[in-house]
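Asks: return a 3D structure for these sequence lines:
(one chain, ligands or ions: 1)
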Amino acid sequence: MKNILVTGGAGFIGSNFIHYLLENYGDIQVVNLDLLTYAGNLDNLADIREDGRYHFVRGDIHDRKLVEELFDAWTFDTVVNFAAESHVDRSITNPDIFLTTNVLGTQTLLDVAKKNWKLDPDDKYSREFKEGVKYLQVSTDEVYGALGPTGMFTETTPLAPNSPYSASKASADFVVRAYDKTYGMPVNITRCSNNYGPYQFPEKLIPLMINNCLADKNLPVYGDGMQIRDWLYVEDHCTAIATVLEKGRLGEVYNIGGNNERANIEIVKLILENTGKSEDLILHVKDRPGHDRRYAIDNTKITTELGWSPKYTFQTGMASTIEWYLQHKSWMDKIVSGEYMNYYETMYAGR
Ligand SMILES: NC(=O)c1ccc[n+]([C@@H]2O[C@H](COP(=O)([O-])OP(=O)(O)OC[C@H]3O[C@@H](n4cnc5c(N)ncnc54)[C@H](O)[C@@H]3O)[C@@H](O)[C@H]2O)c1
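Replies: Here you go, the predicted model:
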């Protein structure tokens, strides 16, 4: 890995990943292509703005001309695609942009990478690519649909997405697969469980609840709060992606998870306890339509084949997350205004 295109690097996981790259790889160039939608925040990268190895470009992954210009300028050997519309609730109210960005944007990146990396781009039968190039698609466990009380998602679980968001991510995964099967493109797909940690936009469960606790506002919990997710600290997701980039077998899918199943209500109560607030703040609101009940990741493949394992337990990860939000109140305050507040009203008013 020398010249890396990271897309969506101003978002939650992408910005953590860029920090991780710069801290752990000396001689690299990282180009962050991000459209700066409501979820993109350059404050997430303020501390590395002056690092000569980091370069920001504002733009759309679906803008083929721009992506071609970037490939011409940087001769990337690696693409890691985080860019996406990522919030399930928003996908329910406005699915169109999810398909445009998550599916067509992915196809644009793949196609430009193929053109640049194929040894003979004009020979449609050639499956030969330059040495050492790789496209990594950052996907999600939500593509597998929902589980009952038992069982886990493995890489061979059939895809059965239930929301417009997960349908768009599953569609993108199929496009990535097709570029491997049809053209022999060097790709990996990673499917991770729910992440938490620094720089997460406060529409997602954990930062939303921490923020509301600090402001003594109600904590809106969907339905009975017994939806179970498998939580992973974001830095562990970053180490897993780096491991797959370095050692992942081409064409393979790797699930990423930390064996940390927790009900939403359990997380909310933990945050209340850690911030010294009362459970009276909990407000049960009408459940999300089609809300998946349980996700759980079987991480056997990445742990046994590639030797990856998470460094954080749920306790250490949550403690450091809550501490980070307490210490970065101004980061949160800057976000919790304008568009986000309007959105918040639309999603939760009257529930
Ligand atoms: N958050 C999770 O728990 C989780 C778990 C598994 C997988 N994922 C996947 O990881 C990726 C990143 O998730 P996140 O939580 O950091 O999301 P996020 O919403 O915080 O960040 C997404 C970023 O993509 C950018 N973006 C959106 N549309 C774009 C476009 N057309 N062109 C360029 N940039 C664009 C946004 O500006 C933002 O910076 C997503 O693909 C998501 O599906 C997330």
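Asks: got the residues of this structure near the ligand?
Replies: Remark: the part of the chain in contact with the ligand comprises 7-8, 10-14, 33-37, 39-40, 60-62, 82-86, 101, 105, 138, 140, 169, 192, 194-195, 201, using C-beta under 6 Å from any ligand atom. To be clear about C-beta, it is placed using only N, CA and C from the backbone, and glycine gets the same treatment.
Asks: could you rerun that using 5 Å?
Replies: Contacts of the chain with the ligand, taken as C-beta under 5 Å from any ligand atom, map to 8, 10-13, 34-35, 37, 39-40, 60-61, 82-84, 86, 101, 105, 138, 140, 192, 194-195.
Asks: narrow the residues you listed to those in strands?
Replies: Counting by DSSP state E, the residues of the chain next to the ligand place 34, 138, 140, 192, 194, 195 in strands.
Asks: pull the number of nearby residues for the residue nearest to residue 19 when sequence neighbours are not counted.
Replies: Closest residue to residue 19 apart from its sequence neighbours, by C-beta to C-beta, 6 or more residues apart in numbering: residue 48 at 6.7 Å. For residue 48, the neighbour count with other C-beta atoms under 10 Å is 18.
Asks: can you check residue 220 too?
Replies: If you count neighbours by other C-beta under 10 Å, residue 220 ends up with 19.
Asks: what strand or helix carries it?
Replies: Here residue 220 sits within strand 219-222, counting by DSSP states H and E.
Asks: just list what that strand packs against, helices and strands only.
Replies: Judged by 3 or more C-beta pairs under 8 Å, 6 or more residues apart in numbering; DSSP states H and E, the packing partners of strand 219-222 are helix 205-214, helix 264-274, strand 282-285.
Asks: ranking the ones you listed by burial, who's on top?
Replies: Most buried of the helices and strands packed on strand 219-222, by mean neighbour count (mean count of other C-beta atoms under 10 Å): helix 205-214, with a mean of 22.
Asks: what about residue 330, how many residues nearby?
Replies: Residue 330 has 8 nearby residues by other C-beta under 10 Å.
Asks: re earlier: which of the helices and strands packed on strand 219-222 sits closest to residue 188?
Replies: Shortest distance between residue 188 and the helices and strands packed on strand 219-222, using C-beta to C-beta, is found for helix 205-214: 27.3 Å.
Asks: quick one, grab the pLDDT at the residue in the chain that the ligand sits nearest to.
Replies: Using C-beta to the nearest ligand atom, the closest approach of the chain to the ligand is made by residue 11 at 2.0 Å. pLDDT recorded at residue 11 is 96.
Asks: same question for residue 317.
Replies: With respect to pLDDT, residue 317 has a value of 95.
Asks: check the gap between the nearest residue to it once chain neighbours are set aside and residue 82 for me.
Replies: Nearest non-adjacent residue to residue 317, counting by C-beta to C-beta, 6+ apart: residue 233, 3.4 Å away. Distance of residue 233 to residue 82, computed by C-beta to C-beta, to the nearest Å: 17 Å.
Asks: quick one: low-confidence ranges for the stretch 101-250 of the chain?
Replies: Within the stretch 101-250 of the chain, no range satisfies pLDDT under 70.
Asks: flag every buried residue along stretch 240-253.
Replies: Neighbour counts over stretch 240-253 (16 or more other C-beta atoms under 10 Å) mark 240, 241, 242, 243, 244, 245, 248, 251, 252, 253 as buried.
Asks: er, stretch 110-121 I mean
Replies: Buried residues in stretch 110-121, counting neighbours by 16+ other C-beta under 10 Å, are found at 110, 111, 112, 113, 114, 116, 117, 118.
Asks: can you give me the helices in this structure?
Replies: Assigned by DSSP state H, the helices in the chain fall at 12-24, 64-74, 88-93, 95-99, 106-117, 164-183, 205-214, 234-247, 264-274, 300-306, 314-327, 329-335, 338-348.
Asks: out of these, flag the one nearest residue 221.
Replies: For residue 221, the closest of the helices of the chain is helix 264-274, at 5.9 Å, according to C-beta to C-beta.
Asks: against which helices or strands is that closest one packed?
Replies: Counting by 3+ C-beta pairs under 8 Å, 6+ apart, the elements that helix 264-274 packs against turn out to be helix 205-214, strand 219-222, strand 228-233, strand 282-285, helix 314-327.
Asks: quick one: that helix to helix 205-214, angle?
Replies: Relative orientation of helix 264-274 versus helix 205-214 (axes from the mean of the first three to the mean of the last three C-alpha atoms, to 10 degrees): 40 degrees.
Asks: which outside residues touch helix 264-274?
Replies: For helix 264-274, the surrounding residues in contact (C-beta atoms under 8 Å, 6 or more residues apart in numbering) are 205-206, 209-210, 213, 219, 221-222, 224-229, 231, 278-279, 281-282, 318-319, 322.
Asks: drop anything exposed from those.
Replies: The neighbour count (16+ other C-beta under 10 Å) marks 205-206, 209-210, 213, 219, 221-222, 225, 227-229, 231, 281-282, 318, 322 as buried among these.
Asks: how close does the most far-flung residue of the chain relative to its centre get to residue 133?
Replies: Note on the chain: the largest C-alpha distance from the chain mean falls to residue 123, namely 34.8 Å (C-alpha atoms, centre = their mean). Counting by C-beta to C-beta, the gap from residue 123 to residue 133 is 17 Å.
Asks: ditto for residue 120
Replies: Per C-beta to C-beta, residue 120 is found 15 Å from residue 133.
Asks: follow-up on the earlier one: residues contacting the residue nearest to residue 317?
Replies: 195, 196, 197, 258, 310, 311, 312, 316, 317, 320, 321.
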